[in-house]
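# Sharing a model prediction with you, sequence too.
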Amino acid sequence: MNSIVASADELTPTAWAGLIRRYDHAVFLSLLSAGLTPRAARELCHDTWARLYEQWRAGRLDVLQLPGLAITQAKFLALEEHRRRARVAPIGEETLQRADPRASPEDRAVARQLVDQVEQALERCPPRARALFELALANPDTPHAALAEQSGISLQRLRQALCEVRARLRLAVKETP
């Protein structure tokens, strides 16, 4: 795909629409290759173009080099989203121990039951899928493509295994009263 360098002063909203159509797929593919799900990649593409358009409208873009600028912006947004999610504490024994001391014994019992159900659902997963899930969980900053290569499987197979485990865990959580 050819890249373009244009003066931001020369662009119009119609020209922006054309640039988005032309380079959106390249940005989407770069996010997929970084290990994002198609849905997350699509959302980040949309956010990327919206942010770049806002910067252009505010006069903060002098030169527009595409698709490089859009890909860089998209990966930055993906990293920010990952950092935001990493700040949220996972459910587990440590979380239960740090639970609000004002929580009622009933709330703590429900939380313990939920953790037990999730752990049991994880144990019922196929061993290979469980191992891949635990590998991805232990390496949140590593792109799925690198984890797949490290495991000697295709990226698609890794994603299938992760989706299978997540679906089982979601089902276990939904079954909790």
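Perfect, I can see it now. Residues are numbered from 1 along each chain as shown.

# Helix or strand: which one has residue 5?
Assigned by DSSP states H and E, residue 5 belongs to strand 4-7.

# chain center to that strand, what's the gap?
Between the centre of strand 4-7 and the centre of its chain there are 30 Å (C-alpha atoms, centre = their mean, to the nearest Å).

# Name the next helix or strand downstream of that strand, please.
Counting by DSSP H and E, what follows strand 4-7 is helix 13-33.

# So what touches the helix or strand just after that next one?
Next helix or strand after helix 13-33 toward the C-terminus (DSSP H and E): helix 38-57. Contacts with helix 38-57, where a contact means C-beta atoms under 8 Å, 6 or more residues apart in numbering, come from 8, 11, 16, 20, 24, 27-28, 31-32, 36, 61, 64, 69-70, 73-74, 77-78, 81. Any C-beta I mention is one placed from the backbone N, CA and C, and that applies to glycine too.

# are any of those buried, and which?
11, 16, 20, 24, 27-28, 31-32, 36, 61, 64, 69-70, 73-74, 77-78 (16 or more other C-beta atoms under 10 Å).

# shaky segments in this structure?
Within the chain, the segments meeting pLDDT under 70 span 1-3, 6, 85-104, 175-177.

# Alpha carbons of the strand holding residue 5, as CSV, please.
C-alpha atoms of strand 4-7 as CSV (Å, rounded to 0.1, in the frame of the first residue of the first chain):
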residue,chain,number,x,y,z
ILE,A,4,0.8,9.6,1.4
VAL,A,5,2.2,12.8,2.8
ALA,A,6,-0.1,15.7,2.6
SER,A,7,-0.3,19.2,4.1
